[in-house]
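In: after the sequence you'll find the predicted model.
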Amino acid sequence: MPTTTPVLEMSAEKNSRHVSETPATQWLKQHGVTYTEHVYEYVEHGGTAVSSQSLGVPEHQVVKTLVMEDEGAKPLIVLMHGDCKVSTKNLARQTRRKRIAPCAPEVAQRHSGYQVGGTSPFGLRKPMPIFVERTVLELPRIYINGGRRGYLVGLNPAVLTELLSAQPVDVAMREESEC
């Protein structure tokens, strides 16, 4: 698949071009996951629109990793299409919680071990429940943060449920309609 960014096919084997490891890529390698690496110029508050444009892929295939917390301040991860938002009301209902809200950036970093803008669901600092928008699993390939700003990994979305035990939910929404 041609892209406009540097791409490397990775597996548990070494590659000739060095891209510094992150806890996420260490986790992927330990679990034998094949993935591609995509480096792009990070733009503060640019979000998935910037990364999808740089990679030349639809923003719907770029998956954001969101750290949220419930009414008891217990953290959880939500994996969502880049061009969609999370209905926290539906997420709370589907996960049997009273309330769910995004974490403050410093709290999200403390829970995940990653800087906001570079959060990956792989290699988290501490275990957290992970939820994934069900329609993400229907995509042939996803691009998700590899553990630092300006760095995505491309992989099969089945990894999310098979290795991360992410629980599918139906919580995607756009500004004016369902996603």
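Out: Done, it's in.
In: contacts, neighbours, all on C-alpha from now
Out: Will do.
In: pLDDT weak spots in this protein?
Out: Applying pLDDT under 70 to the chain flags residues 1-19, 175-178.
In: element containing the spatially most central residue of it?
Out: Nearest to the mean C-alpha position of the chain, counting by CA atoms, centre = their mean, stands residue 65 at 3.5 Å. Element membership of residue 65, judged by DSSP states H and E, is strand 62-70.
In: beta-bridge partners for the nearest residue to the residue nearest to the centre of the chain once chain neighbours are set aside, please?
Out: Spatial nearest neighbour of residue 65, excluding adjacent residues (CA to CA, 6 or more residues apart in numbering): residue 79 at 4.9 Å. Beta-bridge partners recorded for residue 79 (DSSP bridges): residue 65, residue 132.
In: from what I can see residue 79 touches residue 62, true?
Out: No: counting by CA atoms under 8 Å, residue 62 is not a contact partner of residue 79; they are 10.0 Å apart.
In: just how off-centre is the strand holding residue 65 within its chain?
Out: Distance of strand 62-70 from the chain centroid (CA atoms, centre = their mean, to the nearest Å) equals 7 Å.
In: just the buried residues of it, please?
Out: Across strand 62-70, burial judged by 16 or more other CA atoms under 10 Å covers 62-70.
In: and the strand or helix carrying residue 108, how far from the chain's centre?
Out: Assigning secondary structure by DSSP H and E places residue 108 in helix 105-112. Centroid separation between helix 105-112 and its chain, computed with CA atoms, centre = their mean, is 15 Å.
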